[in-house]
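Colleague: Turn this into a model:
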Amino acid sequence: MLVFHSVKDLQAHLMSLKHDHQIALVPTMGALHSGHVSLIQRAIADNHLVVVSIFVNPLQFAPTEDLAQYPRNFAADCQLCEVWGVNCVFAPSEAELYPNQEVFRVVPPKSLTSVLCGKFRPGHFEGVATIVTKLFNIVQPNRAYFGQKDAQQLAIIRHLVRDLNIPVELVSCPIIRESSGLARSSRNQYLSPENRELAVCLSRGLLAAKKAFLLGEVLSEKLISLVRNELINIKIEYIELVDPDTLQSLTMIKNAGLLAIAARIGATRLIDNIMLEKRQGIIAIDGPAGAGKSTVTRKVAEALGLLYLDTGAMYRAITWLILQKRVSLDDQNALFELVNTVNLELISNNTEIQVIINGEDVTKAIRTPEVTALVSIVSAQKIVREKMVQLQQEWGEKGGIIAEGRDLCTKVFPDAELKLFLTASVEERARRRLKDFQNQGVTNISFEQLKQDIQNRDDQDSNRKISPLRKAEDAMEIITDGLTIEEVTNKIINLYQQINNC
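Modeller: This next block holds a predicted model:
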């Protein structure tokens, strides 16, 4: 891992790599914790090179705030970054980033900064917008990673990128919580044991509102009252229900609402939030090959009435179209035009998924040996993968789907209501595969050979440079050794019903 303190040195290093590397930026103020780790893990899974910036930005602190006391532990932060595989740490001094006494600032619209935290922290979001813009210009990342806990900051940065046409993809990552429900924060270390226990009331209040929302309550006044009832013996700054994009107050939820809290517990200011959306949830399933993901996913979809998003069929359909159009994979312009003009539909017909591409039913055609022989190569094409992920995420916006496959929990649906990592021992997966071969009449393969093949596949999947197979930090692991398909299916159904009723 390389550590840079000057803009010039970092840019020189990145310039030599940018032409063939996807670069990620994870902006932080240090005092790294498991919430930051989740951003780093996601960035590593999606990109070739990850830059973590560590800079306590003075522009976003008011004179009365905790700039001098803000926790700093640079050595520990660097050690954590190195352990998790970060490529570069950028840790500039204040003089490096702000060499002049008069600083040019980026000023977001008042409609975004005069609400929520902005009412209590004047100038804060100007400081945030300024430092984020500087970091985007310095690093020029393909993607930048932010946590949903700072929801107002994230909304402002989305507007910043959109309005100023900054060529970076913003990736929002879910809130990471302690086992008690308390949202992870660098400021949690200020809390005494008694205040840490008291602080759990923030997440408890949000959960009470979510339960009511799931039962049909949509009025802002009622939802806020439920949160307020849980916030005892703390100083509330605000409890508000706002539009997630415009941050303007809502009187009721029509489609989605951001329910946000800020409060002081002792001398420590904490924030938390929850998204309330009117849609069925998403189940995302990841895990090693041979763990039974596809079979279980189909059965859960049928039982719960969810759309089975057959990601494999999507790649097969594109492969079929490439063969039909005789597009060379070396012709990147033709490939780009094909995937960006395609009309791909998945229609659930009880026991099977009907695949329609450009109006033609290709459900059976995509299972031919010709498609099977080429699909792995096609799915490795960057242009194809980016388009398929985009389509999957568009389906995800509607909710009511279940999907399994590579990157589902970490990249495609990081905010899925239920994220599962379905796994089994190498021995168990080899036994299942051997039984499948025997049922097909194949007898010329041994149990030991299957074990070795599965272990090799696991090693390859876990160590690939882009999107290595890793369990998402907030995914539930289900070890399927000794369990029948029905038992695993019922377990997932119960988990989904528990989440929808919580």
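Colleague: Is residue 205 located within a helix, as I assumed?
Modeller: Yes: the assignment for residue 205 by DSSP: H, G, I helix; E, B strand; the rest coil puts it in a helix.
Colleague: Residue 231 is in contact with that one, correct?
Modeller: Yes: judged on C-beta atoms under 8 Å, residue 205 makes contact with residue 231 at a distance of 5.5 Å. C-beta coordinates here come from the backbone N, C-alpha and C atoms, glycine included.
Colleague: Find the residues that touch each one of these two.
Modeller: 239, 261 (C-beta atoms under 8 Å, 6 or more residues apart in numbering).
Colleague: In contact with residue 292, which residues?
Modeller: 422, 424, 432, 480, 485, 488.
Colleague: rerun at 6 Å
Modeller: Residues in contact with residue 292 (C-beta atoms under 6 Å, 6 or more residues apart in numbering) are residue 480.
Colleague: Would you mind measuring from it to residue 231?
Modeller: 44 Å (C-beta to C-beta, to the nearest Å).
Colleague: what's the answer for residue 218, then?
Modeller: Per C-beta to C-beta, residue 218 is found 21 Å from residue 231.
Colleague: Where does pLDDT dip in the stretch 151-300 of the chain?
Modeller: Along the stretch 151-300 of the chain, no part satisfies pLDDT under 70.
Colleague: Tell me which stretches of it form helices.
Modeller: 151-163, 193-199, 201-214, 220-230, 293-304 (DSSP state H, counting those that start in this stretch).
Colleague: counting contacts, what elements does the longest one pack onto?
Modeller: In terms of contact count using 3 or more C-beta pairs under 6 Å, 6 or more residues apart in numbering; DSSP states H and E, helix 201-214 is assigned the packing partners helix 220-230, strand 268-277.
Colleague: Can you point out the buried residues in that helix?
Modeller: 201-210, 212-213 (16 or more other C-beta atoms under 10 Å).
Colleague: What lies in contact with that helix?
Modeller: Residues external to helix 201-214 that are found in contact with it (C-beta under 6 Å, 6+ apart): 181, 223, 226-227, 230-231, 259, 261, 272, 274, 276.
Colleague: Can you list phi and psi of residue 347 for me?
Modeller: Here is the backbone geometry of residue 347 (degrees, to the nearest 10): phi -120, psi 130.
Colleague: what does residue 218 give?
Modeller: According to degrees, to the nearest 10, residue 218 has phi -130, psi -10.
Colleague: hang on, it packs against residue 254?
Modeller: No: applying C-beta atoms under 6 Å, one finds residue 218 not in contact with residue 254, separated by 7.8 Å.
Colleague: More neighbours: the two, which one.
Modeller: Taking other C-beta atoms under 10 Å, residue 218 and residue 254 do not tie; residue 218 has more neighbours (17 against 10).
Colleague: what's near enough to touch that one?
Modeller: Counted by C-beta under 6 Å, 6+ apart, residue 218 has contacts 252-253.
Colleague: Look up how far residue 255 lies from it.
Modeller: From residue 218 over to residue 255 (counting by C-beta to C-beta), the distance is 10 Å.
Colleague: Output the below-cut-off pLDDT ranges for this structure.
Modeller: Filtered on pLDDT under 70, the chain yields the residue ranges 349-351, 464-467, 500-502.
Colleague: which residues sit in contact with the most centrally placed residue in it?
Modeller: The residue lying closest to the centre of the chain (C-alpha atoms, centre = their mean) is residue 414, at 3.1 Å. By C-beta under 6 Å, 6+ apart, the residues touching residue 414 are residue 173.
Colleague: isn't there a helix covering it?
Modeller: No: Residue 414: not assigned to a helix; according to three-state DSSP it is coil.
Colleague: Offset the numbering so it begins at 310, please.
Modeller: Sure, I'll start counting at 310 from here, so that last one is residue 723.
Colleague: Now do the phi/psi pair for it.
Modeller: Phi and psi for residue 723, reported as degrees, to the nearest 10, are phi -70, psi -20.
Colleague: Pull the contacting residues for residue 667.
Modeller: Residue 667 is in contact with residue 652, counting by C-beta under 6 Å, 6+ apart.
Colleague: quick revisit: would you mind giving the helices of the stretch 460-609 of the chain as TSV with distance to residue 691 added?
Modeller: Listed next are these as TSV, based on distance: least, C-beta to C-beta, whole Å:
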stretch	distance to residue 691
helix 460-472	22
helix 502-508	44
helix 510-523	38
helix 529-539	43
helix 602-613	24
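Colleague: Residue 662: neighbour count?
Modeller: Quick note: residue 662 (other C-beta under 10 Å) scores 17 neighbours.
Colleague: cool, residue 651 as well?
Modeller: Around residue 651 there are 14 residues (other C-beta under 10 Å).
Colleague: Equivalent analysis for residue 475, please.
Modeller: 16.
Colleague: Report the separation between it and residue 310.
Modeller: Taking C-beta to C-beta, one finds residue 475 at 27 Å from residue 310.
Colleague: Who's the closest spatial neighbour of residue 462, skipping the chain neighbours?
Modeller: residue 437 (5.6 Å; C-beta to C-beta, 6 or more residues apart in numbering).
Colleague: so that neighbour is in which element?
Modeller: helix 433-448 (DSSP states H and E).
Colleague: Please save the CA atoms from that helix in CSV.
Modeller: Extracted C-alpha coordinates of helix 433-448, given in CSV (Å, rounded to 0.1, in the frame of the first residue of the first chain):
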residue,chain,number,x,y,z
HIS,A,433,-21.2,22.5,7.1
PHE,A,434,-22.4,21.4,3.7
GLU,A,435,-20.5,24.1,1.9
GLY,A,436,-17.4,22.6,3.5
VAL,A,437,-18.5,19.1,2.5
ALA,A,438,-19.3,20.1,-1.1
THR,A,439,-16.0,21.9,-1.4
ILE,A,440,-13.8,19.1,-0.2
VAL,A,441,-15.7,16.4,-2.2
THR,A,442,-15.3,18.5,-5.3
LYS,A,443,-11.6,18.9,-4.7
LEU,A,444,-11.1,15.2,-4.1
PHE,A,445,-13.1,14.3,-7.3
ASN,A,446,-10.8,16.7,-9.2
ILE,A,447,-7.6,15.3,-7.6
VAL,A,448,-8.3,11.6,-7.9
